[in-house]
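**Student:** Need a 3D model of the following:
(one chain, ligands or ions: 2)
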Amino acid sequence: MARDRSRLTTSLKEDQMAKVPDTEENMSRCICGTCPTYPGEGGFFCAKGKSGLSVTRKGCVCGDCANFQEFGLEDGYYCADGAAGEGPQ
Ligand code: SF4
Ligand code: SF4
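**Tutor:** Ligands and ions are numbered 1, 2, ... in the order given. Predicted structure coming up:
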């Protein structure tokens, strides 16, 4: 029984952290490549996590992205701060 309980705890934690499902469809919506802050490679940072490159904040266009609206995101700058649900609140 202890094992079942730990599995439940894990899945609840994942639900809280993974705000944007890491799917091909969601990735195809990402508009990071059009952003002045785009660090030059990668993308879909709200699901994949922050960039390994240094990021200079020059504005964030996440607010114009379909994922931002559909998944109720509130922050932006996921390339600098980490995936939605993981970064500073
Ligand atoms: S919300 Fe931002 S990081 Fe996430 S898919 Fe859209 S543009 Fe990319
Ligand atoms: S997460 Fe936001 S700031 Fe970073 S590249 Fe994508 S749109 Fe630009």
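**Student:** give the contact list for the residue most central in space within the chain.
**Tutor:** When CA atoms, centre = their mean is applied to the chain, the residue found nearest the centroid is Cys46 (1.3 Å). Going by CB atoms under 8 Å, 6 or more residues apart in numbering, Cys46 touches Lys19, Val20, Cys30, Cys62, Asn67, Phe68, Phe71, Leu73, Tyr78, Ala83, Ala84. (Glycine included, C-beta is placed from N, CA and C.)
**Student:** out of these, who has the most neighbours?
**Tutor:** Using other CB atoms under 10 Å as the neighbour test, these are led by Tyr78, with 30 neighbours.
**Student:** can you tell me how far that one sits from ligand 1?
**Tutor:** Counting by CB to the nearest ligand atom, to the nearest Å, the gap from Tyr78 to ligand 1 is 5 Å.
**Student:** For this protein, give me the ranges with low pLDDT.
**Tutor:** Applying pLDDT under 70 to the chain flags residues 1-18, 87-89.
**Student:** Now do the same contact list for the residue lying closest to Gly72 once chain neighbours are set aside.
**Tutor:** Distances taken as CB to CB, 6 or more residues apart in numbering put Lys19 closest to Gly72, at 7.6 Å, once the chain neighbours are dropped. Going by CB under 8 Å, 6+ apart, Lys19 touches Cys46, Phe71, Gly72, Leu73, Ala83, Ala84, Gly85.
**Student:** what does Ala83 give?
**Tutor:** Neighbours of Ala83 in contact, by CB under 8 Å, 6+ apart: Met17, Ala18, Lys19, Val20, Phe45, Cys46, Ala47, Lys48, Gly49, Lys50.
**Student:** And Cys30, by the same measure?
**Tutor:** Listed by CB under 8 Å, 6+ apart, the contact set of Cys30 reads Gly43, Phe44, Cys46, Cys65, Asn67.
**Student:** at 6 Å what do you get?
**Tutor:** Cys30 is in contact with Gly43, Phe44, counting by CB atoms under 6 Å, 6 or more residues apart in numbering.
**Student:** Name the SS class of it, please.
**Tutor:** coil (DSSP: H, G, I helix; E, B strand; the rest coil).
**Student:** hang on, the earlier thing: got TSV for the contacts of Ala83, with secondary structure and distance to Cys35 too?
**Tutor:** Listed next are the contacts of Ala83 as TSV, based on DSSP: H, G, I helix; E, B strand; the rest coil; distance: CB to CB, whole Å:
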residue	secondary structure	distance to Cys35
Met17	helix	23
Ala18	coil	22
Lys19	coil	19
Val20	coil	16
Phe45	helix	10
Cys46	helix	12
Ala47	helix	16
Lys48	helix	15
Gly49	coil	17
Lys50	coil	14
